[in-house]
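# sequence first, then the predicted structure:
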Amino acid sequence: MKHKISELTLEPSESHPRKRMTFSRSMRYQLLKFVRIRATPHAIGIGVAVGIFSAFLPLVGVHMALAAALAWALGGNMIAGVASTILVGNPFTYPFIWAAAWETGQMILGSKAKSMGTIHLHELIHKLSLSELWAPILKPLLLGSIPLGIAGGLVGYFVMVQAVTIIRARRQSRLMAR
C-alpha cells in the first residue's frame, strides 16, 4: 500500500489523541527511565540515594560530579545518581531545600546562630565576604543539608529498589503470559 506524503501527518487524530503531559504522567515516565537502566535494583537505589544526597548539599555546580563519584565509590549506578540529582535539585526545588536545610542547621546550632542579629544579605554578597557569610548563612545551610540529604537518600533508596523490583516483576509476568 502506497502512502502519499500529504496523507502522513504528525498531528493527533481522533483514534490517537495526543495525551497531555501531566505531573503524574511525567513522574511515571521518569520512573520508567530508571527501571530501564541495566543494573540491579540495589545499584539503581544506591545511585538514586547518592543523587538525592548530593542535591541537598549547597555545593552548587558540583552536584552531578559528586553524585557520580559517590555512586562509583559505593557500587551504585552513576547514571541513576546523576539523573536523580537533576530531578531533585533544580531551580524549582532549591528554594525549598535550602530553606529547610537552613532551618535544620539553625536547630542543630542552637541559639548561637539565631543571636546574630539582622543579616544584610545583599551587602554581604555584594562585598563577597565569605567570612561574614559563613556563620549566619553558609554554616547552618551546610550543617542542615547533611541530615536532610541522608534522610532523603534513604527514602529514595528504599522507594526506588521497591519500584524497580515490582515493575520488573510485572513486566516479566506479562512477557511470560504471551
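Nice, I can see it. Residues are numbered from 1 along each chain as shown.
# and the residue nearest the centre of the chain?
residue 88 (2.2 Å; CA atoms, centre = their mean).
# how about the closest residue to that residue other than its chain neighbours, secondary structure?
In space, not counting the residues next to it along the chain, residue 88 is nearest to residue 55; the distance is 4.1 Å by CB to CB, 6 or more residues apart in numbering. Bear in mind the C-beta positions are built from the backbone N, C-alpha and C, glycine included. In three-state terms, and counting by DSSP: H, G, I helix; E, B strand; the rest coil, residue 55 is helix.
# roughly how far apart are residue 55 and residue 66?
Residue 55 sits 9 Å away from residue 66, going by CB to CB, to the nearest Å.
# of these two, which one has the most company?
For the pair residue 55 and residue 66, the greater number of neighbours falls to residue 55 (28 against 20), based on other CB atoms under 10 Å.
# other SSEs contacting the lengthiest helix in the chain?
Once the chain is assigned using DSSP state H, the helix that runs over the most residues is helix 139-177. Contacting helix 139-177 under the criterion 3 or more CB pairs under 8 Å, 6 or more residues apart in numbering; DSSP states H and E are the following elements: helix 23-35, helix 41-56, helix 78-88, helix 94-109.
# weakest of the ones you listed by average pLDDT?
Mean pLDDT is lowest for helix 23-35 out of these, coming in at a mean of 69.
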